[in-house]
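Participant: can you look at this prediction? I've put the sequence above it.
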Amino acid sequence: MRDLRHFLDIDRLDKATIRSILDQAAVYKNSKAGKGEPLKGKTIVLIFEKPSTRTRVSFEVGMMQLGGNVVVLSERDSQLGRGETPADTARVLSRYADMIMIRTDSHQKLLDLAKFATVPVINGLTDDSHPCQIMADIQTFEEHRGGIEGKIVTWVGDGNNVAASWLHAAVKLNFEFRIATPPELKFDQNLLDWAEREGGTVKSFTDAQKAVAGCHCVVADTWVSMGDDGERAKRLDLLAPYQVNANLMAGAKSDAIFMHCLPAHRGEEVTDDVIDGPQSVIWDEAENRLHAQKAVMAWCLGVA
């Protein structure tokens, strides 16, 4: 059996592979060469243990545009939610489909699926990481500001799973990644240690203004993620100084762009004048989930 091309985390890929996927994403977006059906006759199973708008629609539409078929399983549809092990689910779905995408809480569940599947497995999000989002984000950055190598990207808010994948990408693609978080919600030290061992340029701040100074891109995410609702009031209080507003954006480069993976809670992590303003590229970013994930699926099946 050929070696499987799982798409689990950006830190597992080399720079050449990441670049090839990004190049293919641009082809799918901009070229007639991206209008074929290279996955005709192939099927992907999409498992959603966490709900999503962008992930579901972009994967489903993307697979259909590539000529393939889609089966969608929500938590209530899958036996994973009723006690079947990821290993058994992987073995069964591998007999039916050519790829599996999962959006879930436990990162270990993703790893177990990949270990026992005989088809490629794609990480659609876990509590630890969100690599598909960052592939779309880098595609968006490079469309607007050219190559990301040597640039400065600043994350403002909670050191969450999306930030973790940004850190992975920074190390692999040689750009500086800054993280501004309150001390109580500081970034995972193990990830910072990994970045240092790998020679990456990753800097931690508690002052958002210092973190954005001279940066090329400011990134925010919702302060209260799925599963954090019980701590909503506490988190809003801790993160209030990290709101991305006009004053904070003024500290970045004059042509800095603003990104947000959505959904946004306007008036919390970002103000309307920023998210709807000329520096915001969030709609291109959302669109590029489609193109980047098409490239990921094509790479997984060895057609790109």
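Facilitator: Great, that's in hand. This structure is a prediction, so every number in the text was calculated from the model and none was measured.

Participant: drop to CA atoms for contacts and neighbour counts, all remaining ones
Facilitator: Will do.

Participant: strands along the stretch 201-304 of the chain, start to end?
Facilitator: Under the criterion DSSP state E, counting those that start in this stretch, strands of the stretch 201-304 of the chain are mapped to 202-205, 217-220, 257-260.

Participant: to residue 89, which of those lies closest?
Facilitator: Of all the strands of the stretch 201-304 of the chain, strand 257-260 sits nearest to residue 89, with 33.1 Å by CA to CA.

Participant: so which of the strands of the stretch 201-304 of the chain is nearest residue 79?
Facilitator: Closest to residue 79 of the strands of the stretch 201-304 of the chain is strand 257-260 (CA to CA; 33.0 Å).

Participant: and the closest one, average pLDDT?
Facilitator: Averaging pLDDT along strand 257-260 gives 98.

Participant: check stretch 53-60 too.
Facilitator: On average, stretch 53-60 scores 97.

Participant: also stretch 87-104?
Facilitator: For stretch 87-104, the mean confidence score works out to 97.

Participant: how about that stretch: buried residues?
Facilitator: 87-91, 93-94, 97-104 (16 or more other CA atoms under 10 Å).

Participant: send the alpha carbons of that stretch over as CSV?
Facilitator: Listed next in CSV are the C-alpha coordinates belonging to stretch 87-104 (Å, rounded to 0.1, in the frame of the first residue of the first chain):
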residue,chain,number,x,y,z
ALA,A,87,-9.9,3.0,15.2
ASP,A,88,-13.1,1.1,14.3
THR,A,89,-14.6,4.1,12.6
ALA,A,90,-11.5,4.6,10.6
ARG,A,91,-11.4,0.9,9.5
VAL,A,92,-15.0,1.0,8.4
LEU,A,93,-15.0,4.3,6.6
SER,A,94,-11.8,3.4,4.7
ARG,A,95,-13.8,0.6,3.0
TYR,A,96,-16.4,3.1,1.8
ALA,A,97,-14.5,6.3,1.0
ASP,A,98,-11.3,7.7,-0.4
MET,A,99,-10.7,10.4,2.2
ILE,A,100,-12.0,11.3,5.7
MET,A,101,-12.2,14.8,7.1
ILE,A,102,-12.9,15.3,10.8
ARG,A,103,-13.8,18.4,12.8
THR,A,104,-13.7,17.5,16.5
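
Participant: quick check, residue 129 in a helix?
Facilitator: No: checked against DSSP: H, G, I helix; E, B strand; the rest coil, residue 129 lies outside a helix; its state is coil.

Participant: how much space separates the closest residue to it other than its chain neighbours from residue 96?
Facilitator: The shortest distance from residue 129 to any non-neighbouring residue, by CA to CA, 6 or more residues apart in numbering, is to residue 161 (4.1 Å). Separation of residue 161 from residue 96 (CA to CA, to the nearest Å): 30 Å.

Participant: now residue 243
Facilitator: Using CA to CA, one gets 46 Å for the distance from residue 243 to residue 96.

Participant: in the helix or strand of the chain with the lowest mean pLDDT, which residues are buried?
Facilitator: Within the chain, confidence by mean pLDDT, DSSP states H and E is lowest for helix 232-239 among all helices and strands, at a mean of 93. Buried residues in helix 232-239, counted by 16+ other CA under 10 Å: 235, 236, 238, 239.

Participant: repeat that for stretch 47-65.
Facilitator: 47-49, 54-56, 58-65.

Participant: picking up where we left off before, let me have the strands of the stretch 201-304 of the chain in TSV, extended by distance to residue 177.
Facilitator: Putting the strands of the stretch 201-304 of the chain into TSV (distance: least, CA to CA, whole Å) gives the following:
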stretch	distance to residue 177
strand 202-205	5
strand 217-220	10
strand 257-260	14
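
Participant: in JSON lines: those strands, plus mean neighbour count.
Facilitator: Below are the strands of the stretch 201-304 of the chain laid out as JSON lines (neighbours: other CA atoms under 10 Å):
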{"stretch": "strand 202-205", "mean neighbour count": "18"}
{"stretch": "strand 217-220", "mean neighbour count": "24"}
{"stretch": "strand 257-260", "mean neighbour count": "24"}
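
Participant: so which of those strands is nearest residue 173?
Facilitator: Per CA to CA, nearest to residue 173 of those: strand 202-205, 12.3 Å.

Participant: partner strands of that closest one and their direction?
Facilitator: strand 176-180 (parallel) (DSSP bridges).
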